[in-house]
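Engineer: the sequence isn't on hand, but the structure is:
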């Protein structure tokens, strides 16, 4: 696993949460959502990155009204998962 450290100015960091743990968790969630929106990560991969299971991550997407950016490859991955072939 790689460890990446970024500096976030205080004014921006506070928008992610009150504690450093909140900032890290919420920044990871926002990155996961962004990667999902771009079609680069599946719901499983994005949820795993954010520390959520696939269904919890999908609940976040629904609550935020994020539309699915499905590519053919992502659809095949999701169908394989649904039918237990993963």
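Structural biologist: Thanks, I have the structure now. Because the structure is predicted, anything quoted here is derived from the model rather than measured.
Engineer: which other helices and strands does the top helix by length along the chain contact?
Structural biologist: Counting residues, the longest helix found in the chain (DSSP state H) is helix 20-37. Applying 3 or more Cβ pairs under 8 Å, 6 or more residues apart in numbering; DSSP states H and E, we find helix 20-37 packed against helix 43-50, helix 54-63. Glycine gets a C-beta too; all of them are placed from N, C-alpha and C.
Engineer: quick one: mean pLDDT for the longest one?
Structural biologist: This points to helix 54-63. Across helix 54-63, the average pLDDT comes to 96.
Engineer: and it, what's buried?
Structural biologist: By neighbour count with 16 or more other Cβ atoms under 10 Å, helix 54-63 contains the buried residues 54, 57, 58, 60, 61.
Engineer: how many neighbours does the residue lying closest to the third one once chain neighbours are set aside have?
Structural biologist: If the residues on either side of it in the chain are set aside, residue 58 comes closest to residue 43, at 5.5 Å by Cβ to Cβ, 6 or more residues apart in numbering. Residue crowding around residue 43 was assessed by other Cβ atoms under 10 Å; the count is 24.
Engineer: tell me, what residue is most central in this protein?
Structural biologist: residue 32 (2.5 Å; Cα atoms, centre = their mean).
Engineer: where's it relative to residue 66, distance?
Structural biologist: 11 Å (Cβ to Cβ, to the nearest Å).
Engineer: go on, residue 4?
Structural biologist: 24 Å.
Engineer: tell me the SS of residue 18?
Structural biologist: When classified by DSSP: H, G, I helix; E, B strand; the rest coil, residue 18 comes out as coil.
Engineer: quick one: it from residue 50, how far?
Structural biologist: Separation of residue 18 from residue 50 (Cβ to Cβ): 19 Å.
Engineer: and residue 65, by the same measure?
Structural biologist: 18 Å.
Engineer: what of residue 31?
Structural biologist: 8 Å.
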